[in-house]
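What would the 3D arrangement of this be:
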Amino acid sequence: MQLPGGLDAAVFLRDYWQKKPLVVRQAFPGLSSPVTPDELAGLACEQAVESRIVIENDNGRPWQLENGPFEPQRFESLPSTHWTLLVQGLDHWVPELSPLLDQFRFVPNWRLDDIMASYAPEGGSVGPHYDQYDVFLLQAQGRREWHFGGQCDDSSPRVQGTPLRILEAWQGEETQILEPGDMLYLPPGVGHHGIALDDCITLSIGFRAPSHDDILTGFSDFLCNQPGAGQLLKDPELEVQTNPGLISDASVAGIARIVEQALGKQDLLALWLGHYTTAPKSNDIVVPPDEPIDTKELHADLEHGQTLRWNEGSRFAYRPFGEQVALFVDGERYMLNGEAQAIAPILCASSEPDSTALARLAQDPALSGLLVTLINHGSLYFE
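Numbering: from 1, shown residues only. I've put the predicted structure just below:
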């Protein structure tokens, strides 16, 4: 696989991923923005769309944040410069944008998040800051001047009087101007500041990175719902203590064995990871179709060459489990046996799975039933 722009993906992961920034000139030659500023403003007025406005100086208050949805009149009252509109999950609302994520599947599906759009008039930005996740910044319209470089963390000085994490007195190590089609990769923790040189739209391809707290609490909650989790502590080797208030080494060791046995069950960990990483980001995205289909309609559509694709908010993953394969879709698990296992890698390889292969596999009644289930749940649809 190749990074957009031609760099070998293995070389990128080895030399740049979570190590250092990379500018890729004309990663997407001839790119024009798939949305206009007016369309972004319209999306920001929708209840289900996550949106924000950042104003650099709001009547003397630095870097103020407003959360959507917004009334249309709000955009008429904004200053002429030095503000930014952010629209999250743009790939969910603009279906033709979703295939862009397929260009970044040199990382696992579960690590990809979504596409955020940033519109700013001349001078607009969200301030110097750092992110805790990897991001590719793709210029879609206009020009943006990026200052970046230097590792930052929670101890880095910040501007006071703002709800945003704006770095104070920060100076980047490198400056680059990105034009449409150019792309900048930034690892977690690298300070950066992008300033619009004219009306510009930047697309941010973000990645998911669960915190250690999310992993530990999520997996422990999952373990608590497994068979046998309700059994009580047993200590048949209990001995008389000189002081009953002492928590003995033997007691600690007994509890440690319970924890170690639970955390050491890698199959259960993999099951939890499949459920956790494919759970949809929003319940407003993955919804059943207005008209469910049956297997007869499925076969007719496949025979006529219609293309199945993922719902823009859906997540697909799979993992072998002994003689079975677990297919995870939007937080649900489907266990596949025998020849049926072949459908899992096909469904998970791309947001537009191989229609020819799916049509062949759908001759199996069980697999045609699976596809119908996924369509009627809203995870797949025919283009």
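
and the residue nearest the centre of the chain, what element?
Nearest to the geometric centre of the chain sits residue 113, at 1.2 Å (C-alpha atoms, centre = their mean). Assigned by DSSP states H and E, residue 113 belongs to strand 112-120.

which one is residue 377 nearest to, not counting chain neighbours?
The shortest distance from residue 377 to any non-neighbouring residue, by C-beta to C-beta, 6 or more residues apart in numbering, is to residue 288 (6.3 Å). Heads up, the C-betas are built off the backbone N, CA and C, glycines and all.

That neighbour and residue 379 touch, don't they?
No. Taking contacts as C-beta atoms under 8 Å, residue 288 lies outside contact range of residue 379: 9.7 Å.

check contacts around the residue nearest to residue 377.
376, 377, 378 (C-beta atoms under 8 Å, 6 or more residues apart in numbering).

Measure how buried the residue lying closest to residue 355 once chain neighbours are set aside is and give me the count.
Spatial nearest neighbour of residue 355, chain neighbours left out: residue 307 (5.3 Å); criterion: C-beta to C-beta, 6+ apart. Residue 307 sits with 14 neighbouring residues when counted by other C-beta atoms under 10 Å.

Check residue 50 too.
With other C-beta under 10 Å as criterion, residue 50 counts 19.

And residue 62, by the same measure?
16.

Show me which residues of stretch 220-237 are buried.
222, 223 (16 or more other C-beta atoms under 10 Å).

Mind checking the pLDDT average for that stretch?
The average pLDDT for stretch 220-237 rounds to 90.

check contacts around residue 352.
Shown in contact with residue 352 (C-beta under 8 Å, 6+ apart): 99, 102, 307, 308, 309, 310.

Looking at the helix ranked longest in the chain now, give me its mean pLDDT.
Taking DSSP state H as the criterion, the chain has its longest helix at helix 249-263. In this model, helix 249-263 has an average pLDDT of 90.

Need the contact partners of that helix.
Here helix 249-263 makes contact (C-beta under 8 Å, 6+ apart) with 219, 223, 233, 235, 237, 239, 269.

Same question for that helix: list its buried residues.
For helix 249-263, by 16+ other C-beta under 10 Å, it's residue 262.

Report all helices and strands that the helix or strand following that helix contacts.
Note on helix 249-263: by DSSP H and E, the next helix or strand toward the C-terminus is helix 266-278. For helix 266-278, the packing partners by 3 or more C-beta pairs under 8 Å, 6 or more residues apart in numbering; DSSP states H and E come out as helix 212-224, strand 316-321, strand 324-329, strand 332-337.

among the contacts of residue 352, which two are most distant?
Distance extremes for the contacts of residue 352: the farthest pair is 102 and 308 at 14.6 Å, using C-beta to C-beta.

of these two, who's got more company?
Using other C-beta under 10 Å as the criterion, residue 102 and residue 308 rank with residue 308 on top: 22 against 12.

Tell me how many other residues crowd the residue lying closest to that one once chain neighbours are set aside.
For residue 308, ignoring the flanking residues on the chain, the nearest one in space by C-beta to C-beta, 6+ apart is residue 380 at 5.3 Å. Using other C-beta under 10 Å, residue 380 has 22 other residues around it.

For residue 380, grab phi and psi.
Here is the backbone geometry of residue 380 (degrees, to the nearest 10): phi -130, psi 150.

quick revisit: where does the longest helix of the chain sit relative to the chain's centre, distance-wise?
Offset of helix 249-263 from its chain centre (C-alpha atoms, centre = their mean, to the nearest Å): 35 Å.

Report the angle between it and helix 266-278.
Interaxial angle, helix 249-263 versus helix 266-278 (axes from the mean of the first three to the mean of the last three C-alpha atoms, to 10 degrees): 60 degrees.

Using CSV, list the CA coordinates for helix 249-263.
The C-alpha trace of helix 249-263 is given here as CSV (Å, rounded to 0.1, in the frame of the first residue of the first chain):
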residue,chain,number,x,y,z
ASP,A,249,0.5,-11.2,51.6
ALA,A,250,-1.6,-14.3,51.1
SER,A,251,-4.8,-12.3,50.8
VAL,A,252,-3.2,-9.9,48.3
ALA,A,253,-1.9,-12.9,46.3
GLY,A,254,-5.3,-14.5,46.2
ILE,A,255,-6.9,-11.3,44.8
ALA,A,256,-4.0,-10.9,42.4
ARG,A,257,-4.7,-14.4,41.0
ILE,A,258,-8.3,-13.4,40.2
VAL,A,259,-7.2,-10.2,38.5
GLU,A,260,-4.4,-11.9,36.6
GLN,A,261,-6.6,-14.8,35.4
ALA,A,262,-9.3,-12.4,34.2
LEU,A,263,-6.8,-10.0,32.4
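
Surely residue 287 is in contact with residue 378?
Yes. If you go by C-beta under 8 Å, residue 287 and residue 378 touch, sitting 4.9 Å apart.
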